[in-house]
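Q: Pasting the sequence and the predicted model now:
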Amino acid sequence: MTARHCDIAILGGGLAGGLIALALRRARPDLALTVIEQGPTLGGNHVWSFFGSDVGKAGRELLDGMTVAAWPEYSVEFPAFQRRLKTSYYSITSERFDAVLQAELGPDAIVTGVRALACSATNATLLDGTRIEADAVIDARGIRNLGHLTGGWQKFVGQRLKLAAPHGLDAPIVKDATVEQHDGYRFVYCLPFAPDEVFVEDTYYSDSAMLDVPVLSARIADYARRRGWTIAKVLSEEHGVLPVVAGGDFDAFWRSTGGTVARAGARAGLFQAVTSYSLPDAVRYALALAKQDDLSGPALAAFSEDWARRHWKRGAYLRALSAMLFGAAEPAERYRILERFYRLDRRLIERFYAGRMTFADKARILAGKPPVPIGKAIGVLTGLGHKPQSLSLAGTRA
């Protein structure tokens, strides 16, 4: 067994872990950092997107250099209406994410291609026998145990397509729900990266975590044909299964994710309960952690638990919306909830995604006739209706 010493070790070089490392490097360049990622590069294989209203000035500075595309507006399409919203939209690719982190952290701070087996607040053991000794360890390796949470799943396959001719899009389609509804609420997401290049993602809000990649890939090809696009080449593909949380026991969830160790990202439950959207929370958390005076293992463990607990408390309303989506609406009719939501004021929609909803916003979302049977809606909100299922990734197929 070999030993490696540093001030802070970050397990997991995905979005959450990478942004923490970047925020620490910029705020405290004197610290010796080590990022351990089991994949060959930082960031994995992903496209992350965010609205311009999601992050403030400090957040935009943290993400500086990572964005590969920006648009001044986006559109949504539903069976009953279409809408163009004048909110700026940005995309980050894992390739650019990795390049920025490699340049700023330097090769001595990054360990890839090896998995962390176990950790405490101040040390970690890697699969290759290396022992990391640190003043603090931050575990950002993704969700470990979902059994104490309830809800459903957002699952997707995304492909970056090179087309034989221009696609004709001048802005992202964040939700195209005019497609046939399979396996829950289905929509297609399109990012026009170049005149003849588009990222297309087929997404489902489903009761099941089962993901059949070949079937969804075939549906992407069919969607392209219906748009009149001829695919010349599939440049890349990604897929995932994310929790949509409707309830659960936070204390049990926290205990199950790893003792008195600082956590980050999905491992700390830091994502939006309805959308599984994590970038705004990852940015805010990274900036806040980097400002802490005490960066010892026990202090960061306490900081992360307090932050995650407050995030869980603030998310009660969003979990109720998730319960409504999965408990009050028939799978093929779930799109109606989002169709109604996107008719609301643009600024309310911005605050929803950014996690800054006001009391008036929450009341407005629930005001009026619900797009689901009123009895089921009341039952879900009072806790007397359908109980969301316990979340488990067992049996997931990708």
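A: Yes, it's here.
Q: Output the below-cut-off pLDDT ranges for the protein.
A: 1, 370-390, 392-398 (pLDDT under 70).
Q: Mind jotting down where the helices sit in it?
A: 15-27, 57-62, 94-105, 213-226, 250-256, 279-290, 297-314, 316-327, 335-341, 346-354, 359-366, 374-382 (DSSP state H).
Q: Can you check which of the ones you listed gets nearest to residue 124?
A: Closest approach to residue 124 among those is made by helix 297-314 (10.8 Å; C-beta to C-beta). Just so you know, the C-beta spots here come from the backbone N, C-alpha and C atoms, and that holds for glycine as well.
Q: and that closest one with helix 316-327, angle?
A: Here helix 297-314 runs at an angle of 60 degrees relative to helix 316-327 (axes from the mean of the first three to the mean of the last three C-alpha atoms, to 10 degrees).
Q: Give the other helices and strands that helix 297-314 contacts.
A: strand 131-139, helix 250-256, strand 262-263, helix 279-290 (3 or more C-beta pairs under 8 Å, 6 or more residues apart in numbering; DSSP states H and E).
Q: Just name the most buried of these.
A: For those, the largest average neighbour count (mean count of other C-beta atoms under 10 Å) is found in strand 262-263, namely a mean of 30.
Q: In contact with the closest residue to residue 264 other than its chain neighbours, which residues?
A: Distances taken as C-beta to C-beta, 6 or more residues apart in numbering place residue 140 nearest to residue 264, at 4.1 Å, with adjacent residues excluded. Going by C-beta atoms under 8 Å, 6 or more residues apart in numbering, residue 140 touches 10-12, 14, 16-17, 20, 263-265, 267.
Q: cool, residue 270 as well?
A: Counted by C-beta under 8 Å, 6+ apart, residue 270 has contacts 16, 264, 278, 281-282, 285, 307-308, 311.
Q: again, only this time at 6 Å
A: 281, 285, 311 (C-beta atoms under 6 Å, 6 or more residues apart in numbering).
Q: Quick check: the two most widely separated of the contacts of residue 140?
A: 14 and 263 (13.0 Å).
Q: how much space between residue 131 and residue 20?
A: Distance, residue 131 to residue 20, using C-beta to C-beta, to the nearest Å: 22 Å.
Q: circling back: let me know the closest of the contacts of residue 270 to residue 89.
A: residue 281 (18.1 Å).
Q: So which of the helices and strands packed on helix 297-314 is nearest residue 210?
A: Closest among the helices and strands packed on helix 297-314, using C-beta to C-beta: helix 250-256, at 22.7 Å.
Q: What is that closest one packed up against?
A: Packing contacts for helix 250-256, counted by 3 or more C-beta pairs under 6 Å, 6 or more residues apart in numbering; DSSP states H and E, involve no helix or strand.
Q: now it, how far from the centre of its chain.
A: 20 Å (C-alpha atoms, centre = their mean, to the nearest Å).
Q: Check stretch 349-367 too.
A: Offset of stretch 349-367 from its chain centre (C-alpha atoms, centre = their mean): 19 Å.
Q: Quickly note the distance from residue 301 to residue 137.
A: 9 Å.
Q: could I get the longest strand along the chain in CSV with only the CA atoms?
A: When the chain is parsed with DSSP state E, its longest strand is strand 231-248. Extracted in CSV, the C-alpha atoms of strand 231-248 (Å, rounded to 0.1, in the frame of the first residue of the first chain):
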residue,chain,number,x,y,z
ILE,A,231,-28.4,11.4,-39.6
ALA,A,232,-24.9,11.3,-41.1
LYS,A,233,-23.2,10.1,-37.9
VAL,A,234,-23.8,9.7,-34.2
LEU,A,235,-21.0,11.6,-32.6
SER,A,236,-21.6,10.6,-29.0
GLU,A,237,-24.2,9.0,-26.8
GLU,A,238,-25.0,9.3,-23.1
HIS,A,239,-27.7,7.8,-20.9
GLY,A,240,-28.8,8.0,-17.3
VAL,A,241,-31.4,7.2,-14.6
LEU,A,242,-32.1,10.0,-12.1
PRO,A,243,-34.4,10.0,-9.1
VAL,A,244,-37.5,12.3,-9.0
VAL,A,245,-38.1,12.5,-5.2
ALA,A,246,-41.6,12.7,-3.8
GLY,A,247,-40.8,12.0,-0.1
GLY,A,248,-38.8,10.0,2.3
